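Engineer: What shape does this take:
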Amino acid sequence: MPRSADDSWDIATSVGATAVMVALARAAETASADPLIRDQFAEPLVSMPALEGVREQVSAWWAGAEDDDPDGAVRAQEMINYQAVRTHFFDAYFADAAAAGIRQAVIVAAGLDSRAYRLDWPDGTTVYEIDLPKVLEYKAETLDGHGSTPIAERRPVPVDLRHDWPKALREAGYDPSRPTAWLAEGLLPFLPAAAQEALFASIDALSGSRSRVAVENFGVDVDKRREAEQRWAELKAKREARGQDTSFNPFDLWFEDEGRPDCGEWFAAHGWAVRTVNAREEATRLGREPQNEDRPFANTFVTATKS
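Structural biologist: Predicted structure coming up:
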């Protein structure tokens, strides 16, 4: 369903289902012959019976049957490669923050992110995970059921980012006077422009000296997006004609980009020291050179430090 200002979801619907798609990519990368990242929690998180419908739709979307989309399998591998590169970059970001003595991390729109469980956090580190209640509950219950224990102290913050999440974060024990490592990965297109602006302002207000922030900045190419939407519409029509479920439509979930601030420019203007890394160049550096000019390698990874 198209987005609305007050919509909600669980892990199997709407924006929640995109977290499943990303975790499926991480699971596929982890199971590959020479993985760039290892997320041993991704596969159990996406294997529950409640997610069967989402798995089927994502698998069908990626498979690229010849009568549907002969290039689909190639684009699926590009998606897996991109998620591996993205995950690798932000894993390293947290490792660098920990090495610099930061012991407080906040993952915004955490979804099925398992970093609290799998990264080598120093003793005394607290990881706050912000997301909708049903999403956080699903992850905790699933990993608890597999006997998994977080390495850091994990504190869920069940709240909608369009509501007063700073209040909820402080009530969960967050200390704004301490340096913090923030992460907003795979998030911005799912927020209205005004909510993105408010998110950045709140991060700035809640960040002590030496805090860091990392953001995945989504490159916008209107023509390529329209081409992708047209391919999806044609594929959807073929699958609907065969009676397949096509309710998961990622193109319905993004808000328009008009009025959206550039991440790097925003933080630089507010006194943060900014570094921007091109995702395509990072993929090439890591041996995952993209095979086409399409998204998602048009994105950039923005990191900034507060003086």
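Engineer: Could you give the average pLDDT over stretch 22-30?
Structural biologist: Averaging pLDDT along stretch 22-30 yields 94.
Engineer: Could you report the neighbour count for residue 255?
Structural biologist: 18 (other Cβ atoms under 10 Å). (C-beta placed from N, C-alpha, C; glycine too.)
Engineer: and it, that one's in a strand?
Structural biologist: No: with DSSP: H, G, I helix; E, B strand; the rest coil as the criterion, residue 255 is located in coil rather than a strand.
Engineer: Surely it touches residue 192?
Structural biologist: Yes: judged on Cβ atoms under 8 Å, residue 255 makes contact with residue 192 at a distance of 4.9 Å.
Engineer: Next, give phi and psi for the closest residue to residue 139 other than its chain neighbours.
Structural biologist: Of all residues not flanking residue 139 in the chain, residue 112 sits nearest, at 5.9 Å (Cβ to Cβ, 6 or more residues apart in numbering). As for residue 112, its main-chain torsions (degrees, to the nearest 10) stand at phi -100, psi 30.
Engineer: Quick check: residue 112 vs residue 290, distance?
Structural biologist: Per Cβ to Cβ, to the nearest Å, residue 112 is found 24 Å from residue 290.
Engineer: cool, and residue 101?
Structural biologist: 36 Å.
Engineer: now the strands: where do they sit in the chain?
Structural biologist: Secondary structure of the chain (DSSP state E): strands at 104-108, 126-131, 153-158, 181-184, 212-217, 272-278, 300-306.
Engineer: What are the contacting residues of the second one?
Structural biologist: With Cβ atoms under 8 Å, 6 or more residues apart in numbering as the test, strand 126-131 has contacts from 103-111, 113, 115-116, 121, 136, 150, 152-159, 161, 165, 168-169, 172-174.
Engineer: Going by neighbour count, which of those are buried?
Structural biologist: For those, a burial check counting by 16 or more other Cβ atoms under 10 Å picks out 103-111, 113, 115-116, 121, 136, 150, 152, 154-159, 161, 165, 168-169, 172, 174.
Engineer: before we move on, the earlier item: more neighbours, residue 112 and residue 290?
Structural biologist: residue 112 (27 against 18).
Engineer: Brilliant, that's me finished.
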